[in-house]
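> fold the stuff below for me.
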Amino acid sequence: MNSEILFSIFKLLAGIGLFILATYLLEESLKNLAGRKFKLFIHRITKSTIGAVSGGALVTAFLQSSSMVSVLVLSFVGAGVLTMKNAMAVILGANLGTTIDSWLVATVGFTVNIEMITYPVVFIGGVLLIFFRKRSTIRYIAWFLFGFSLMFIALGFMKSAMEVQVNAFDFSAYSGMPSIIFLLIGLVITLITQSSSVTMAITLAALHTGVIEFLPAAAIVIGSETGTTFKILLSAVGGNASKKRVALGNFLFNAFLTVLAFSALKPIVLMITDVFKITDPLIGLVTFSTFINLVSIILFLPFLDRFTKFLERFYKRTDATVAAFLGHASADDPDSALTLFRKETAYFLHCSMIFNLELFDIDAQALKDNSDFKEIDEKKKFYSMPANEKYEFLKLLQGELQLFYLDLRIKINGEQADELNCLITTVRSSMHAAKSMKDVTTNMSNLRQSSKNIKFDFFVGHKNYTADLYARLNDLIRTVDIEKFEKLRTIYDEITKNYMLSLNSFYEKAHGSVLEDLDITTTMNFNRELFTSNKAILVAVKDLVLAPKDAAEFNEIFVYQT
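Numbering: from 1, shown residues only. Okay, here's the model as predicted:
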């Protein structure tokens, strides 16, 4: 092997490496430049099935990464933004979206002297990165410029390296190999590079220089369709049920696409060359890729309902977590993670309130009728658990929330950090309220079953007050009310007042009554812990429903540590 051939091989490898780096830079820059507004746009556009397919195609075309779209899909499913059906629809669209950059490469990369543009763009990106690297927006713009330029520079490397190979070798001997071999080549290249876009770029370069013909090139493209699914399958290992279902659905769809396209490979190629009259092999190849993805969507879409129901049969018991939402969250996607953390916090507070009410033997049906959590309870069975299991459930869920908080807190700052701190305070306060009630269950039982009216009436009075308090707090949680600050302040004043009034009333009634020392101790202990629990649940609600600034101002009303 002479030095020129060896150099061309190294140049080809360098081109592949640069192309992979280019796609990474484009993905990271666009992901960070897009921000929250972009994600809210995705939330809106994916509410219908057709919108989800279109949204998947648009987002993938924008981010240049079907893997990134798959991560977003997992987050959206977990947040309740996307149903399983629409999540699969997004993935169908994502496959089509990956062909957009192929069109760009085929129409511009091999026909225009793009280096006249890319080299100056690299210079501009370098200047921006050196002089404005501390400004995040400009830094990501520089990344985008680098990524865009490197994509075409890498393409130039691959093209020139292929030209040397063509001059040195006779590739005609390989043209007679069965198409299945080229399909496997496409599968392996995609497994190695983890990008169907890279496989397409290599194939276009080989097709342009005459290394391969159109039919084998089309077979390579088919193989890349399934190759892209393995990265998602690996990322789902050890994950929750929903994540595994999405990964399985993605694999099955792409496998279906591969089998369908390969079985009709020659007729489709003939249709493109003889019916569509496309003579340019590069345009023909990207037309082939677009066509098979579009047809597979049209064929698959009517069966999407049945397909999602089929997927739901799998992994029913894979959730090792008690969390309802956090299993779908990733600290690497802070916006979605914070949304999920808020939902999980609201669920934790909801469960804590039910636990406390049922310890008091108060009907908690009003809370159980909350439509936001009814479906969750069908899976978690929290409502039907005995009190001791409910408490263990709360402890486990608090632990998961605390661990996720530790991961998420280092990924965010500013207003998001303030919001996260308020939410974790809600969790701690809710648990404090539940623990205070649990600690006096024996006292509560003693008072509830006492033959002494003074003790029984004391319990009944607090039971009625607690039922009213929780009903008012639940209304504050579930309604939109600009006066929540003042209402919470009024409730706090009433909690304090009730504590003192009940205490003084008991002292007055106890004077002259036949009470033992243990009776007084039991009553005082119950009154103190209930007061602590009521304050804690109020703080929990306060930090959930108020803006961080208002919550901090509310803290000045009293000194309270969780």
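> and the next element down the chain from the helix or strand harbouring residue 429?
Secondary structure assignment for residue 429, by DSSP states H and E: helix 414-439. Sequence-wise, the next helix or strand downstream of helix 414-439 (DSSP H and E) is helix 441-448.
> now the helix or strand just after that next one against helix 414-439, angle please.
Note on helix 441-448: by DSSP H and E, the next helix or strand toward the C-terminus is helix 453-478. Angle, helix 453-478 to helix 414-439, by axes from the mean of the first three to the mean of the last three C-alpha atoms, to 10 degrees: 160 degrees.
> tell me the helices and strands packed up against helix 453-478.
helix 334-359, helix 365-368, helix 441-448, helix 484-510, helix 517-545 (3 or more C-beta pairs under 8 Å, 6 or more residues apart in numbering; DSSP states H and E). To be clear about C-beta, it is placed using only N, CA and C from the backbone, and glycine gets the same treatment.
> what angle sits between the last one and helix 484-510?
By that I understand helix 517-545. Going by the same axes, to 10 degrees, helix 517-545 makes 180 degrees with helix 484-510.
> neighbouring contacts of the helix or strand just after helix 517-545?
Next helix or strand after helix 517-545 toward the C-terminus (DSSP H and E): helix 548-555. For helix 548-555, the surrounding residues in contact (C-beta atoms under 8 Å, 6 or more residues apart in numbering) are 415, 418, 419, 421, 422, 425, 485, 488, 489, 542, 543, 546.
> out of the residues you listed, which comes closest to residue 467?
residue 488 (18.4 Å; C-beta to C-beta).
> count the neighbours of that closest one for me.
Residues lying near residue 488 (other C-beta atoms under 10 Å) number 23.
> over to residue 449?
10.
> same question for residue 124.
The tally of other residues near residue 124 (other C-beta under 10 Å) stands at 14.
> just the one 3 residues further on next, same as before
Number of residues near residue 127 (other C-beta under 10 Å) recorded here: 12.
> now residue 501
12.
> can you give me the buried ones in stretch 486-500?
Neighbour-count burial for stretch 486-500 flags 488, 491, 492, 494, 495, 498, 499 (criterion: 16 or more other C-beta atoms under 10 Å).
> tabulate these in CSV, adding columns for pLDDT.
Below are those laid out as CSV (pLDDT from 0 to 100):
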residue, pLDDT
488, 88
491, 90
492, 89
494, 89
495, 90
498, 86
499, 85
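> just send these back as JSON lines, with distance to residue 301 too.
Converted to JSON lines, the buried residues of stretch 486-500 look like this (distance: C-beta to C-beta, whole Å):
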{"residue": "488", "distance to residue 301": "49"}
{"residue": "491", "distance to residue 301": "52"}
{"residue": "492", "distance to residue 301": "55"}
{"residue": "494", "distance to residue 301": "57"}
{"residue": "495", "distance to residue 301": "56"}
{"residue": "498", "distance to residue 301": "60"}
{"residue": "499", "distance to residue 301": "62"}
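> any regions of the stretch 51-200 of the chain where pLDDT drops low?
Filtered on pLDDT under 70, the stretch 51-200 of the chain yields the residue ranges 62-82, 109-116, 155, 159, 162-175, 194.
> can you give me the helices for it?
Here the stretch 51-200 of the chain has its helices, by DSSP state H, counting those that start in this stretch, at 66-78, 84-97, 99-104, 115-131, 136-168, 179-193, 196-209.
> relative to residue 453, which of the ones you listed is closest?
helix 66-78 (52.8 Å).
> need the helix or strand of the protein with the lowest average pLDDT.
Least confident helix or strand, the chain: helix 66-78 with a mean of 61, by mean pLDDT, DSSP states H and E.
> circling back to that earlier point, so which of the helices and strands packed on helix 453-478 is nearest residue 429?
That would be helix 517-545 among the helices and strands packed on helix 453-478, by C-beta to C-beta, at 3.8 Å.
> got the buried residues for that closest one?
519, 522-523, 526-527, 529-545.
> hang on, the earlier thing: other SSEs contacting the helix holding residue 429?
So helix 414-439, by 3+ C-beta pairs under 8 Å, 6+ apart, packs with helix 334-359, helix 387-408, helix 517-545, helix 548-555.
> hey, C-alpha coordinates of the second one in CSV?
Listed in CSV are the C-alpha atoms of helix 387-408, where the atom choice follows Å, rounded to 0.1, in the frame of the first residue of the first chain:
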residue,chain,number,x,y,z
ALA,A,387,-51.5,3.7,56.8
ASN,A,388,-48.1,2.1,57.5
GLU,A,389,-47.6,1.3,53.8
LYS,A,390,-48.7,4.8,52.8
TYR,A,391,-46.0,6.3,55.2
GLU,A,392,-43.3,4.0,53.7
PHE,A,393,-44.4,5.1,50.2
LEU,A,394,-44.0,8.7,51.2
LYS,A,395,-40.6,8.1,52.6
LEU,A,396,-39.4,6.4,49.4
LEU,A,397,-40.9,9.1,47.2
GLN,A,398,-39.2,11.8,49.3
GLY,A,399,-35.9,10.0,48.9
GLU,A,400,-36.3,9.9,45.1
LEU,A,401,-37.2,13.6,45.0
GLN,A,402,-34.2,14.5,47.2
LEU,A,403,-31.8,12.5,45.1
PHE,A,404,-33.1,14.1,41.8
TYR,A,405,-33.0,17.5,43.4
LEU,A,406,-29.3,17.1,44.1
ASP,A,407,-28.7,16.2,40.4
LEU,A,408,-30.9,19.0,39.0
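> great, nothing more from me.
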